[in-house]
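> sequence and predicted structure are below.
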Amino acid sequence: MVNLEQTDFFDEGALVGVLTTQPLDRVLDYKAPVGGCWLGAFVEVPLGPRKVLGVVWGKGRGDWDPAKVRSVIKVLDVAPMRGEMRSFLERASQYTLTSMPNMLRLATRAPGLSNPPSMQKVYRLGDVEPDRKTDARTRVLETLRDYGGLSFTLKELSDMAGVTSSVVKGLVKLGAVVEENTPRDLPFARMDPDYGAKTLTPDQAEAAAHMVAEIRREAYGTTLLRGVTGSGKTEVYLEAIAECLRVGRQALVLLPEIALTAEFLDRVEARFGAKPAEWHSGVTMTERRRIWKMVGQGGAQIVIGARSALFLPFQNLGLIVVDEEHDTSYKQDDGVLYNARDMAVLRASLVGASVVLASATPSLESWANADAGKYHRIELTSRYGPAVMPEMRAIDMRVEDLPSGTWISPSLRSEVEARIAKGEQSLLFINRRGYAPVTICRACGHQIGCDNCDARMVEHRFLKRLLCHQCGESKPMPEACPSCEVEGKLAAVGPGVERLAEEAKAAFPEARLAVLSSDLFGSARALKEGIKAIADGAADVIIGTQLVAKGHNFPLLTLVGVIDADLGLQGSDLRAAERTFQLIRQVAGRAGRSERKGVALLQSHQPDHPVIRAILAGDEDAFWQAEANERRHAGVPPYGRMAGIILSSTDVGQVFDLGNALARNDGALRQIGAQVYGPAPAPIARIRGRHRVRLLVKADKAAPLQAAVAKWIGQFQIKGDIRLAVDIDPQSFY
Ligand code: ADP
Ligand code: ZN
């Protein structure tokens, strides 16, 4: 419906309300600048002595002394924020109880947006033939002819032709090459939807047809694409992306791990003939700005990114794919606490886009939404090609004869030896970084902890340091016990990936070992190269953490040994069973991805535990059904709602006082039938010197939780150095 009173354009001098990234609880009034401005325009405004970034959010409120209202300084040379994006930020703010300035920060995470477009010199073929041609000159001219009318930067051109830059400069003087200025923020190469299409299997084709129809509808809809690892989920959603390109809309693919993007970019290039835009924390600042701008004006058709890519200003978004949708890294753990999977659904629903949630082991939330008919469900049940799901067996650790301080059971060991003899790869999986999780003094029993956190320091022998996995604090491994000062009595307790590697080296002296843990690689590139070398057969035994569970393809891998299948079962976390199930299924899925059949062996002290039994039986639906029943019974997510409140302060008395006051004054929560639990010291009661206290709010699924929580905490002023964070739908409880 058109609201006749509302206009999208403000003439010079009209009062506009501007949302800034500054921590203020309201939109501020300014006068529209010379030439006026559009609703949604990105602007620079004066705030006290400073200039700050803002967005024209609507009409001014007019509650300010007109004489004091200042003018917008300038309108930035970027596409105005669209109405749907403004609604998205508002809805996301209400959902996560995050302030609007913080939401706007998420949406403007590109540097130098207010700078004039910067220029760069590029070189293309001129129409003068030089009279004297050296070899080097000929190579430059041929390179340019090979690429038709394209232009290149000096470095690109001289690298491609294998000449020094002075050769190119010389040709410019002669007029054989033309030097020009162009804006640095160039559009991305166009994608060809029909470039490298594959022939799909009948199952895949049916799944793709559904998604293509969804894209054509140009309306919101979510599809849960479940399929075992290697069943071709990626191939299927690439078809949805192709359709998106055909209808002229943009596609966003979210991946849980930066390390995966390189492999994925190559795949997109093979399918569509050009590299897509890549957005994550490892991307340079200039490239970030380019992507941000190009996405807004349609110069980027496909973006592959981390969760923050959701806040890019897409011009015409038609599809969001959330790959490995169950992955916990989609939930931001600090700063703005949002779950990218849920925000993807919200964003798509506001622009009439499709969502594809892909996973071999969906989250219970998505499983339940599909079960309730809110999401469409598609299953790919068999692996592509000859690969079959690995056989899964437990190794009962209660009967294995294992010397203390070692973790590879005799049964597992002989299986690995058999693989080495056949030239096949084995993966030993342990979900713990570092050498040993605990360092204990054998003289006094002291365990080395972090000075800032109530957490034990983890020994990283590779770095020769102790590291706190909470705050990142590190210190050299001491000679003497910090408590009793006795020397030479410190001992490592429990296994980490580095210690397991040491054991494997002794157990399989003739084998080539590779250790895959995120902290053992200096850069994303080194990691990518490491993974590729392993895939090409450069190792016999791979020792890996969670990192190997995700997406990589190792064709020679036929054995997966899970060192401690019970590890995830001990947590108090309500999702512990779900996580264990997903992780082990995924790791097991690494085995036998080509013609060779794979085996997954789970070392467990409780092989009869229901989760372990469900994993072994491969009976996913039985597992989900049982898990769903349990949670429904307990009224916990996804069948109930939760919010976590985390209070922290350097003063332990202050946090408990506020926590108790919150617990006593819970009227706003009781009005919606919600209960509050706590305050209780958080499982990690101190991080970076700040004491932490948690409260947990539980409500019915239909209760208006956010509004009640906002009203409840709104009664209190958060003073001093106390911080209060609200975590809606908490995923972890540390
Ligand atoms: P998933 O995403 O389910 O793990 P992928 O899409 O990565 O599965 O497929 C696994 C492997 O099989 C990939 O190397 C992929 O290229 C290949 N593959 C899957 N389907 C086809 C197909 N229809 N034609 C050719 N190769 C395929
Ligand atoms: Zn610490």
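Cool, the structure landed. Numbering: from 1, shown residues only. Ligands and ions are numbered 1, 2, ... in the order given.

> A277 - how many residues pack around it?
Applying other Cβ atoms under 10 Å, we find 26 residues neighbouring A277. (Glycine included, C-beta is placed from N, CA and C.)

> close enough to count as contact, it and V303?
Yes. If you go by Cβ atoms under 8 Å, A277 and V303 touch, sitting 4.7 Å apart.

> pull up the overlap in contacts between the two.
291, 295 (Cβ atoms under 8 Å, 6 or more residues apart in numbering).

> strands of the stretch 451-600 of the chain, start to end?
Using DSSP state E, counting those that start in this stretch, the strands of the stretch 451-600 of the chain run over residues 458-460, 465-467, 474-476, 490-493, 513-516, 541-544, 557-562, 599-604.

> which secondary structure element is home to R393?
strand 391-396 (DSSP states H and E).

> and that strand with strand 557-562, angle?
Put simply, strand 391-396 runs at 30 degrees to strand 557-562, going by axes from the mean of the first three to the mean of the last three Cα atoms, to 10 degrees.

> would you mind pulling the contact partners of strand 391-396?
409, 411-412, 565, 588, 597-605, 607, 612, 615-616, 618.

> what do you get for stretch 642-653?
636, 655, 658-659, 662, 678-679, 682, 687, 689-699, 705-706, 709, 713, 720-730, 733.

> name the residues of it that are buried.
642-649 (16 or more other Cβ atoms under 10 Å).

> got CSV for these, with distance to F264 and secondary structure too?
Shown next, in CSV, are those (distance: Cβ to Cβ, whole Å; DSSP: H, G, I helix; E, B strand; the rest coil):
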residue, distance to F264, secondary structure
M642, 33, strand
A643, 34, strand
G644, 33, strand
I645, 37, strand
I646, 34, strand
L647, 40, strand
S648, 37, strand
S649, 42, strand
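
> tell me if the worst-scoring helix or strand of the chain on mean pLDDT is near ligand 1.
Ranked by mean pLDDT, DSSP states H and E, the weakest helix or strand in the chain is helix 576-588, scoring a mean of 77. No. Applying Cβ under 6 Å from any ligand atom, one finds helix 576-588 out of contact with ligand 1, separated by at least 10.1 Å.

> can I get that helix as PDB, trimmed to CA atoms?
The C-alpha trace of helix 576-588 is given here as PDB (Å, rounded to 0.1, in the frame of the first residue of the first chain):
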ATOM      1  CA  ALA A 576      25.700 -32.300  23.400                       C
ATOM      2  CA  ALA A 577      24.100 -35.400  21.900                       C
ATOM      3  CA  GLU A 578      23.200 -33.600  18.700                       C
ATOM      4  CA  ARG A 579      26.700 -32.200  18.300                       C
ATOM      5  CA  THR A 580      28.400 -35.600  18.900                       C
ATOM      6  CA  PHE A 581      26.000 -37.200  16.500                       C
ATOM      7  CA  GLN A 582      26.700 -34.600  13.800                       C
ATOM      8  CA  LEU A 583      30.400 -34.500  14.200                       C
ATOM      9  CA  ILE A 584      31.000 -38.200  14.200                       C
ATOM     10  CA  ARG A 585      28.700 -38.800  11.300                       C
ATOM     11  CA  GLN A 586      30.500 -36.100   9.400                       C
ATOM     12  CA  VAL A 587      34.000 -37.300  10.200                       C
ATOM     13  CA  ALA A 588      33.000 -40.800   9.300                       C
END
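
> just curious, which of the buried residues of stretch 642-653 is nearest to G17?
Comparing the buried residues of stretch 642-653 against G17 with Cβ to Cβ picks out A643 as the nearest, at 29.7 Å.

> separation between that closest one and E239?
Separation of A643 from E239 (Cβ to Cβ, to the nearest Å): 39 Å.

> ranking the strands of the stretch 451-600 of the chain by burial, who's on top?
Here the criterion is mean neighbour count by mean count of other Cβ atoms under 10 Å, and of these the winner is strand 557-562, at a mean of 27.

> can you check what angle separates it from helix 576-588?
150 degrees.

> for strand 557-562, packing partners?
helix 410-422, strand 425-429, helix 576-588, strand 599-604 (3 or more Cβ pairs under 8 Å, 6 or more residues apart in numbering; DSSP states H and E).

> please report the distance of the residue lying farthest from the centre of the chain from F10.
Taking Cα atoms, centre = their mean, the residue of the chain most remote from its mean C-alpha position is D131, at 56.2 Å. The spacing between D131 and F10, counted by Cβ to Cβ, is 61 Å.

> what's the helix or strand for L245?
Per DSSP H and E: helix 233-246 holds L245.

> any idea which helix or strand comes after that helix?
Tracing the chain C-terminally past helix 233-246 and defining elements by DSSP H and E, one meets strand 250-254 next.

> now check the helix or strand just after that following strand, is it near ligand 1?
Scanning forward in sequence from strand 250-254 by DSSP H and E, the next helix or strand is helix 258-272. No. Residues of helix 258-272 contacting ligand 1 under Cβ under 6 Å from any ligand atom: none, with a closest distance of 7.4 Å.

> what comes up buried for helix 258-272?
Those would be 258-265, 268-269, 271-272, for helix 258-272 by 16+ other Cβ under 10 Å.

> and the angle for it with strand 250-254?
Using the same axes, to 10 degrees: helix 258-272 against strand 250-254 is 150 degrees.

> outside of helix 258-272, which residues touch it?
Residues contacting helix 258-272 (Cβ under 8 Å, 6+ apart): 191-193, 195-198, 234, 238, 241-242, 245, 253, 255, 275-276, 278, 280-282, 302, 304-306, 518, 524-525, 527-528, 531, 547, 550-552.

> after that helix, next one along is what?
Counting by DSSP H and E, what follows helix 258-272 is strand 277-279.

> that following strand pairs with which strands, and in what direction?
Strand 277-279 pairs in its sheet with strand 302-305 (parallel), by DSSP bridges.
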